[in-house]
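Trainee: pasting the sequence and the predicted model now:
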Amino acid sequence: QVQLVESGGGLVQAGGSLRLSCSASGGTFNSYGMGWFRQAPGLEREFVAAISWSGPKVLYGDSAKGRFTISRDNAKNTNYLQMNSLKPEDTAVYYCAARRQGNLLPSDTSWDYDYWGQGTQVTVSS
């Protein structure tokens, strides 16, 4: 069973940066596609970014384009979400997800993902 553990969340002022990490265990990390989603109180889960198993293919949600960067280090079984120029509307719980079919194009659809982390809170103050 694959386990995903997010870290790196916290409180930051608007305009600041955070880097989220997602460490995977219990599976073949370098064959999985990885994604990040977020959910703010009262809102639906929203796609943030995704990356294919080998790294060259990435996909971003509209809110992340130009500000966030997803990457992965297969040797460390970890993927990252670098978030710059944070805004108060980025406040949410951020979830890491893994998709067994990692050789396919990155997906922005939550039900394409097979495993989920518990989430890490990101709070951006104005």
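Mentor: Arrived safely. Residues are numbered from 1 along each chain as shown.

Trainee: thought residue 46 was touching residue 63?
Mentor: Yes - in this structure residue 46 lies within contact range of residue 63 using C-beta atoms under 8 Å: 7.1 Å. No exception for glycine: its C-beta is placed from N, CA and C like everyone else's.

Trainee: grab the nearest non-local neighbour of residue 94.
Mentor: Distances taken as C-beta to C-beta, 6 or more residues apart in numbering place residue 38 nearest to residue 94, at 4.8 Å, with adjacent residues excluded.

Trainee: now residue 17
Mentor: Closest residue to residue 17 apart from its sequence neighbours, by C-beta to C-beta, 6+ apart: residue 84 at 4.7 Å.

Trainee: and that neighbour, how far from residue 90?
Mentor: Distance of residue 84 to residue 90, given as C-beta to C-beta, to the nearest Å: 10 Å.

Trainee: which one of these two is surrounded by more residues?
Mentor: residue 90 (22 against 13; other C-beta atoms under 10 Å).

Trainee: and the most centrally placed residue in the chain, what is it in contact with?
Mentor: Geometric centre of the chain, nearest residue: residue 36, 2.4 Å, by C-alpha atoms, centre = their mean. Taking C-beta atoms under 8 Å, 6 or more residues apart in numbering, we find residue 36 in contact with 20, 22, 48-50, 70, 81, 94-97.

Trainee: at 7 Å what do you get?
Mentor: Contacts for residue 36 (C-beta atoms under 7 Å, 6 or more residues apart in numbering) come out as 48-49, 70, 81, 94-96.

Trainee: among the residues you listed, name the ones in strands.
Mentor: Within those, residues falling in strands by DSSP state E are 48-49, 70, 81, 94-96.

Trainee: can you give me the helices for this structure?
Mentor: Per DSSP state H, the chain carries no helices over any range.

Trainee: from the ones in strands among the contacts of residue 36, which two are the most distant?
Mentor: 70 and 95 (13.4 Å; C-beta to C-beta).

Trainee: among the contacts of residue 36, name the buried ones.
Mentor: Among these, those classed as buried by neighbour count (16 or more other C-beta atoms under 10 Å) are 48-49, 70, 81, 94-96.
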